[in-house]
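Chemist: no sequence on this one, just coordinates:
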């Protein structure tokens, strides 16, 4: 297993959420001490919801006033849509915390088209991170999910967006129809200091094994390899059942030795 990557298995998604809350607290404090803010890119979907809900009631030890929330990707839908990632994150996390409005960096979907929304979001990244031409932003944390087809963020197998190395954010189309998307590109994701995948359920077991052990380049999730940062894959018992090697989290003792 890659020394820069760790896979940790949990009994269930609640235990995983508890672990992630403490990981967030640790990263936030370290990032604020190092550079004065904590910049994160969050994912949508149902998998991170237990974590978001637990995080939303945390007050002690988390510098919310210096935390900046971005999105790893978004559907090109109104923010009121049930399919909006931002709506999900707002309802499960942001409404429970005292985060200044200027610290919330949503992907604006009121543009005429996804390409316009992507350009506007790229401008937001350039402004916040004070980037010069050709520079990449360095998120303190990027959180990702993993689809059964191996996609992550809105980077789908075979999509031109996977190979986009010119832009920070771009438009993307899902292969089987559905809403158009806006996504961070792989160079931005891989420039993060910390990347965390959350993976739940038996339906994800085969793709997780494929991504972790086979590392097929046709699977966008397998192309997530931070350059100088760390990669942490958190999975519940069902999702990790086919893996040959992982660390088993035990609540009272922390991380045990290798399993399997």
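Modeler: Happy to help now that I have it. Small disclaimer: the values here were computed from a predicted structure and weren't measured. Residues are numbered from 1 along each chain as shown.

Chemist: only C-alpha atoms for contact and neighbour calcs from this point on.
Modeler: Fine.

Chemist: low-confidence ranges in the chain?
Modeler: Counting by pLDDT under 70, the chain has low-confidence residues at 1-3, 250-260.

Chemist: repeat that for 80
Modeler: Confidence mapping of the chain against pLDDT under 80 gives the ranges 1-4, 177, 248-260.

Chemist: How about the contacts made by the closest residue to residue 229 other than its chain neighbours?
Modeler: By the measure of C-alpha to C-alpha, 6 or more residues apart in numbering, the closest residue to residue 229 outside its immediate chain neighbours is residue 193, 4.3 Å from it. Counting by C-alpha atoms under 8 Å, 6 or more residues apart in numbering, residue 193 touches 138-141, 226, 228-230.

Chemist: Of those, grab the buried ones for ChimeraX.
Modeler: Of the contacts of residue 193, the buried ones can be selected in ChimeraX as follows, counting by 16 or more other C-alpha atoms under 10 Å:
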select :138,139,140,141,226,229,230
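
Chemist: quick check, nearest of the contacts of residue 193 to residue 82?
Modeler: Using C-alpha to C-alpha, the shortest approach to residue 82 within the contacts of residue 193 belongs to residue 141, at 25.5 Å.

Chemist: In contact with the closest one, which residues?
Modeler: Each residue near residue 141 by C-alpha under 8 Å, 6+ apart is listed here: 27, 39-41, 192-196.

Chemist: So which of those are in helices?
Modeler: Within the contacts of residue 141, residues falling in helices by DSSP state H are residue 27.

Chemist: could I get the contacts of residue 141 as CSV with distance to residue 159?
Modeler: Rendered in CSV, the data for the contacts of residue 141 read as follows (distance: C-alpha to C-alpha, whole Å):
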residue, distance to residue 159
27, 32
39, 27
40, 25
41, 21
192, 22
193, 25
194, 25
195, 22
196, 22
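
Chemist: doesn't residue 244 make contact with residue 205?
Modeler: No. With contact defined as C-alpha atoms under 8 Å, residue 205 and residue 244 do not form a contacting pair (11.8 Å).

Chemist: who has more neighbours, those two?
Modeler: residue 205 (21 against 13; other C-alpha atoms under 10 Å).

Chemist: Report the next helix or strand after the helix or strand hosting that one in sequence order.
Modeler: Assigned by DSSP states H and E, residue 205 belongs to helix 205-209. Note on helix 205-209: by DSSP H and E, the next helix or strand toward the C-terminus is strand 230-236.

Chemist: Partner strands of that next one and their direction?
Modeler: Strand 230-236 has the following sheet partners, assigned by DSSP bridges: strand 5-10 (parallel), strand 194-199 (parallel).

Chemist: Now find how far off-centre stretch 93-101 is within its chain.
Modeler: Relative to the chain's own centre, stretch 93-101 is displaced by 18 Å; criterion: C-alpha atoms, centre = their mean, to the nearest Å.

Chemist: Compute the first-to-last residue distance for that stretch.
Modeler: With C-alpha to C-alpha, to the nearest Å applied, stretch 93-101 spans 14 Å between its terminal residues.
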